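1. Quick check, what structure comes out for this input:
(one chain, ligands or ions: 1)
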Amino acid sequence: MSLNISAERLLADLTHLAQIGSGADGGIHRVAGSAADFAARDWLDKTLRCAGLDSHRDPVGNVFGRVPGSSGPWLLMGSHADTVPGGGRLDGAYGVIAAIEVLRTLHEAGHPAAEQIEVVAFWDEEGVTAGSGGGLVGSSALCRHPHVEELSGYLELHIEQGPRMDSQGIELAAVTGIVGVRRYEVTVQGEENHAGTTPFSARSDAGRVASRTAAALQGICQRINGSVIGNVGAVSFGPGAPNVVPGSARLEAEIRAGSDEILDRVDRRLREVLARIASEEGCTATLTETSAKPAAHFDADLVDLVDAVCRRRSVRTERMVSYAGHDASVLSTRVPTAMLFVPSTGGFSHSAREDTPDHLLVLGAQALLDSALAVVAGRVPQQLAA
Ligand SMILES: [Zn+2]
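-> Next up, the predicted model:
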């Protein structure tokens, strides 16, 4: 049986959800725990019930929907319902609304797969408020809850949030995993001295060590692997005056790559380069890892099924790794997981400028339905809806 989602209903629901928490700045203000966030969850409850589905909330605030009386195991599909302050209308919301549309379509058609699917709107993915510990709160709580044992897998549809698909004209992507992220603090010790009377040759300039290291990071990443990304996001010199040679310096950096092995190589090279530059400048330097999130690798069979569906739906598809974090990274530690991406126009996200053309939003939701059927059946159906 071939089935089509309702494009009108999908787009209307996205528009409705975007009105909850919309600000005068054009952005969406639905930070986890805000009045708008609770209003959105109430509206999701109502939308599920109007579709003849059961809706319930776990103690954390995750909203779940499923066919009444279904007994599992369920293929979970969804994303998060919270936003960053002034965020876009699609980040998270698109994956939630599309999952509801897929389950609603299957349920209306009386398709047996409907009983094997559960939808979710996760609580606090973004981690904006103090005390939310960097986000992914709802998905992490689910992975500690016995309900996770009743899940057969997890599928998440999301906008790419970067420019790669849009700039290359790619319409659908099967996501193979999520980059690992390591953060560092570099501290440099030099010698504070008079900036006018101390010749260059006699300086131990901690500021030069920090600056040269910051400038070297891009080359270090690119020489190891074209897909590695690095960033120095904060630099400070002490004591911090134009007529004093910096006696100390500090910088904060992060690196992202699709595998922990590549991150290890960048880490080693960064330490070597820092030590060489410090020695050339007559200073000492230490590099401390302040946090490390391992790379997530999605389930190979599930990614293959999703990839096959994407290729059936569009000639412009690709497999890619995600450079942004998602609830799927947490779920992938407990159940077979895969993701689908649609493009972000101009690559904008976490911004009021975040957008994706309607026809691609519809295509992505249809690919999610096809993927759900493929995963439940364990194979890609021979016939896909036109
Ligand atoms: Zn998101």
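2. can you list the weak-confidence ranges in the stretch 51-200 of the chain?
-> Within the stretch 51-200 of the chain, the set of residues satisfying pLDDT under 70 is empty.
3. repeat for the stretch 251-386 of the chain
-> 380-386.
4. ranges for the strands of it?
-> Counting by DSSP state E, counting those that start in this stretch, the stretch 251-386 of the chain has strands at residues 284-293, 296-297, 317-322, 337-342.
5. Can I get these in a markdown table including mean neighbour count and distance to the ion?
-> C-beta coordinates here come from the backbone N, C-alpha and C atoms, glycine included. Listed next are these as a markdown table, based on neighbours: other Cβ atoms under 10 Å; distance: least, Cβ to the ion, whole Å:
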| stretch | mean neighbour count | distance to the ion |
| --- | --- | --- |
| strand 284-293 | 14 | 15 |
| strand 296-297 | 21 | 14 |
| strand 317-322 | 20 | 10 |
| strand 337-342 | 28 | 11 |
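6. Which among the ones you listed is found nearest to residue 8?
-> Among these, strand 337-342 comes nearest to residue 8, with 18.0 Å by Cβ to Cβ.
7. Parallel or antiparallel, list what pairs with the closest one.
-> Applying DSSP bridges, strand 337-342 is found paired with strand 151-159 (parallel), strand 172-178 (antiparallel).
8. Now do the last one: distance to the chain's middle.
-> The gap between where strand 172-178 is centred and where its chain is centred comes out at 11 Å by Cα atoms, centre = their mean, to the nearest Å.
9. can you list contacts of that strand?
-> Strand 172-178 is contacted by residues 160, 165, 258, 295-298, 303, 306-307, 310, 313-314, 316-322, 324-326, 328-329, 332, 338-342, 363-364, 367 when judged by Cβ atoms under 8 Å, 6 or more residues apart in numbering.
10. How about that strand and the ion, touching?
-> No: shown here: strand 172-178 not in contact with the ion (Cβ under 5 Å from the ion), separated by at least 11.5 Å.
11. Let's see that strand as CSV, backbone CA atoms only.
-> Coordinates of each C-alpha in strand 172-178 appear next as CSV, following Å, rounded to 0.1, in the frame of the first residue of the first chain:
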residue,chain,number,x,y,z
LEU,A,172,17.3,15.0,1.1
ALA,A,173,20.2,13.5,3.2
ALA,A,174,20.6,10.3,5.2
VAL,A,175,22.6,11.3,8.2
THR,A,176,25.3,8.8,9.2
GLY,A,177,26.1,10.2,12.6
ILE,A,178,26.9,13.3,14.6
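12. Downstream of that strand, the next helix or strand is which one?
-> Toward the C-terminal end, the helix or strand that comes next after strand 172-178 (DSSP states H and E) is strand 180-189.
13. From the contact counts, what lies against the helix or strand that that next one is followed by?
-> Scanning forward in sequence from strand 180-189 by DSSP H and E, the next helix or strand is strand 193-194. On a contact count with 3 or more Cβ pairs under 8 Å, 6 or more residues apart in numbering; DSSP states H and E, strand 193-194 meets strand 244-245.
14. What average pLDDT does the strand it packs on get?
-> Strand 244-245 shows an average pLDDT of 98 in the prediction.
15. about what we covered before: could you point out which of the strands paired with strand 337-342 sits nearest residue 200?
-> strand 172-178 (45.2 Å).
16. what angle do that closest one and strand 317-322 make?
-> 30 degrees (axes from the mean of the first three to the mean of the last three Cα atoms, to 10 degrees).
17. and the angle for strand 172-178 with strand 284-293?
-> 120 degrees.
18. How about the contacts made by residue 230?
-> Residues near residue 230 by Cβ under 8 Å, 6+ apart: 217-218, 220-221, 253-256, 266.
19. Buried ones among those residues?
-> Buried members of the contacts of residue 230, counted by 16 or more other Cβ atoms under 10 Å: 217, 220-221, 253-256, 266.
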